[in-house]
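# sharing a model prediction with you, sequence too.
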Amino acid sequence: MQRLVFSILLCFVVTVPFLNSLALAEVVTCSGMVPMKYRNDKISVTDFGAVGDGRTLNTKAFQEAIYRIEHLRRSGGTLLYIPPGVYLTESFNLTSHMTLYLARGAVIRATKDTKNWPLIAPLPSYGRGRERPGGRYMSFIHGDGLHDVIITGENGTIDGQGEVWWNMWRQRTLQFTRPNLIELMNSRSIIISNVIFKNSPFWNIHPVYCSNVVIRYVTILAPPDSPNTDGIDPDSSTHVCIEDSYISTGDDLVAVKSGWDEYGIAYGRPSHGITIRRITGSSPFAGIAVGSETSGGVQDVLAEHISLFNMGVGIHLKTNIGRGGFIRNITVSNVYMENVRKGIKIAGDVGDHPDDKFNPNALPVVKGVTIKNVWGEKVQQPGSIQGLKNSPFTGICLSNINLHGATRPKTAAAPWKCSDVSGTALLVSPWPCSELANTHTTGECSNTF
Ligand SMILES: *[C@@H]1O[C@H](CO)[C@@H](O)[C@H](O)[C@H]1NC(C)=O
Ligand SMILES: *[C@@H]1O[C@H](CO)[C@@H](O)[C@H](O)[C@H]1NC(C)=O
């Protein structure tokens, strides 16, 4: 008996720390941030006359189905099922308490008819369309003032047929700013998962003035030469969690933003509490970006476990004179990058202005940026950190970073470029500029600011 008690005790003593370490090793995810809802009330878009032949225009069916969800208000909300097939439609609005569910083989495809595309007001934090003055084309799938919205399914596709828009951009015949593929404004409790986004006319997924947004298990695809097809742009939004996704587009994969120059400063809506993890992708522009529109401020961003292939810039923090705002407490860690033009870039001279009314004295503050555990192969240029003379970037902390040049032919890694920056560096190869103090004596990359 005594021996039994003893062995139970021993077992307890041995397993508790073991279980603890298991718990620590558990994969962290976004789930729980917004509860997944299973809805009992289900309708199919085909009940409203939709035909998935790729030719029939189904705008009315989508609008009527969503009108039914909005006005019948079944408790627990309603699931709108999109069966296999190709459903051509014009842009449409979502409503609260709904799940848009795309079956395996379901495609919601945007019309190429750009002439009848609805226009909406510019975002107050931008003051005008991002590309053209005045209003802007409504996103293909749109929502304003919503909550409890889920877009999911069995990896069906939302296809923007963006080429017609990219060509208008190339030929400079755009009258207004191109539509996003999905934009949700002033909304909360949103889940976007298990969907493929393809050929967006402009940015793919744009949550703006939103909170509690989870985006996971998505695939976002657009050709590398498609203009401005950013993957996911959390903009003046809080508590956004993006994970386990593959993004390959013609512009930044994920870019955290918060408004543009004097309009963004006046609107004053920051982005904070943004988590980005386990993203793989490629693009001629940036992998993980903050900016360049950061006039409302961006803080508390964590990006980790990021794998980037055939990239322009691996990690890019960007702002400009006249932008105001701040970029604060940004952590990027555990990044693998391969075949990239530049590994890390933090710059104060990026992006254009909405108009000439911007205030040249509105200088951005960049403070507290930690980049650690980065491994790069075939990196043409390791990095540059170029602050502003009258607003130097401070608390920049680089640690455990290895950025190798091409191995065949073996090229010496190009040097870092820095100006108007202060901070620390530890175990960085090639060694960055003298503006960053070596902290090998203290061991940690200290980031007091
Ligand atoms: C969709 O929403 C936009 C912006 O909120 C609004 O201007 C438009 O009238 C709505 N369209 C329909 C068909 O309800
Ligand atoms: C959908 O794609 C994700 C990856 O993006 C994958 O994890 C998941 O298993 C797929 N789901 C189905 C039903 O095929």
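Received, thanks. Residues are numbered from 1 along each chain as shown. Ligands and ions are numbered 1, 2, ... in the order given.

# all contacts plus neighbour counts: C-alpha atoms, from now on.
Will do.

# quick one: the strands in the stretch 51-200 of the chain?
53-57, 78-82, 85-89, 92-93, 98-102, 106-110, 119-120, 136-137, 141-144, 147-153, 156-159, 182-185, 188-193, 195-198 (DSSP state E, counting those that start in this stretch).

# adding mean neighbour count as columns, could you present the ones you listed in a markdown table?
Compiled in a markdown table, the strands of the stretch 51-200 of the chain are given as follows (neighbours: other Cα atoms under 10 Å):
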| stretch | mean neighbour count |
| --- | --- |
| strand 53-57 | 14 |
| strand 78-82 | 24 |
| strand 85-89 | 23 |
| strand 92-93 | 18 |
| strand 98-102 | 25 |
| strand 106-110 | 24 |
| strand 119-120 | 14 |
| strand 136-137 | 22 |
| strand 141-144 | 20 |
| strand 147-153 | 22 |
| strand 156-159 | 24 |
| strand 182-185 | 23 |
| strand 188-193 | 24 |
| strand 195-198 | 24 |
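
# need these in CSV (columns: distance to residue 226 and mean pLDDT).
CSV is the format used below for these (distance: least, Cα to Cα, whole Å; pLDDT from 0 to 100):
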stretch, distance to residue 226, mean pLDDT
strand 53-57, 23, 98
strand 78-82, 28, 98
strand 85-89, 22, 98
strand 92-93, 24, 98
strand 98-102, 25, 98
strand 106-110, 17, 98
strand 119-120, 22, 98
strand 136-137, 18, 98
strand 141-144, 20, 98
strand 147-153, 25, 98
strand 156-159, 14, 98
strand 182-185, 17, 98
strand 188-193, 23, 98
strand 195-198, 11, 98
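
# for residue 257, which of those is the nearest?
strand 182-185 (13.9 Å; Cα to Cα).

# neighbouring contacts of the closest one?
139-146, 204-210 (Cα atoms under 8 Å, 6 or more residues apart in numbering).

# for the residues you listed, which one is nearest residue 36?
For those, the nearest to residue 36 is residue 146 (16.0 Å; Cα to Cα).

# wait, the closest one touches residue 70, no?
No - contact criterion Cα atoms under 8 Å: residue 146 and residue 70 do not qualify, at 10.9 Å.

# what sits in contact with each of those two?
With Cα under 8 Å, 6+ apart as the test, residue 146 and residue 70 both reach 95-96.

# quick one: residue 47 is in a strand?
No - counting by DSSP: H, G, I helix; E, B strand; the rest coil, residue 47 is not part of a strand but helix.

# what is the subsequent helix or strand relative to the helix or strand where residue 399 lies?
Using DSSP states H and E, residue 399 sits within strand 393-403. Next in sequence after strand 393-403, counting helices and strands by DSSP H and E, comes strand 417-419.

# other SSEs contacting the strand holding residue 399?
strand 365-386, strand 421-429 (3 or more Cα pairs under 8 Å, 6 or more residues apart in numbering; DSSP states H and E).

# show me where the chain has helices.
Ranges of helices in the chain, per DSSP state H, are 2-25, 59-72, 163-170, 261-267.

# and the second one, which residues are buried?
Taking 16 or more other Cα atoms under 10 Å as the neighbour-count basis, helix 59-72 is seen to contain the buried residues 59-63, 65-66, 68-70.

# do you know how far the residue in the stretch 151-300 of the chain that ligand 1 sits nearest to is from residue 77?
Nearest residue of the stretch 151-300 of the chain to ligand 1: residue 185, at 8.5 Å (Cα to the nearest ligand atom). Look at residue 185 and residue 77: by Cα to Cα, to the nearest Å, they are 20 Å apart.

# circling back to that earlier point, any idea which of the buried residues of helix 59-72 is closest to ligand 1?
residue 63 (7.0 Å).

# residue contacts, the closest one?
Contacts for residue 63 (Cα under 8 Å, 6+ apart) come out as 92-93.

# apply 7 Å and report the result again.
Each residue near residue 63 by Cα atoms under 7 Å, 6 or more residues apart in numbering is listed here: residue 92.

# go on, residue 217?
Shown in contact with residue 217 (Cα under 7 Å, 6+ apart): 193-194, 243-245.

# is it possible to get TSV of the residues you listed that adds distance to ligand 1?
What follows is the contacts of residue 217, written out as TSV (distance: Cα to the nearest ligand atom, whole Å):
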residue	distance to ligand 1
193	23
194	25
243	28
244	30
245	28
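
# near ligand 2, from those residues?
Contacts with ligand 2 within those, as defined by Cα under 6 Å from any ligand atom: 194, 245.

# farthest-separated two in the contacts of residue 217?
194 and 243 (11.4 Å).

# neighbour-wise, which of those two wins?
residue 243 (24 against 21; other Cα atoms under 10 Å).

# what pLDDT is listed against the more buried one?
On pLDDT, residue 243 comes in at 98.

# what bridges to it?
Under DSSP bridges, the beta-bridge partners of residue 243 are residue 216, residue 277.

# please verify my assumption that it contacts residue 277.
Yes - assessed by Cα atoms under 7 Å, residue 243 is found in contact with residue 277 at 4.7 Å.

# nearest to ligand 2: which residue in the stretch 201-350 of the chain?
residue 217 (4.0 Å).

# what does the stretch 101-250 of the chain have sitting close to ligand 1?
120, 144.

# low-confidence ranges, the stretch 251-400 of the chain, go.
Applying pLDDT under 70 to the stretch 251-400 of the chain flags no residue at all.

# thinking again about what came up before, so for residue 359, which of the strands of the stretch 51-200 of the chain sits nearest?
strand 136-137 (24.4 Å).

# helices and strands around that closest one, which ones?
Other elements packing on strand 136-137 under the criterion 3 or more Cα pairs under 7 Å, 6 or more residues apart in numbering; DSSP states H and E are strand 119-120.
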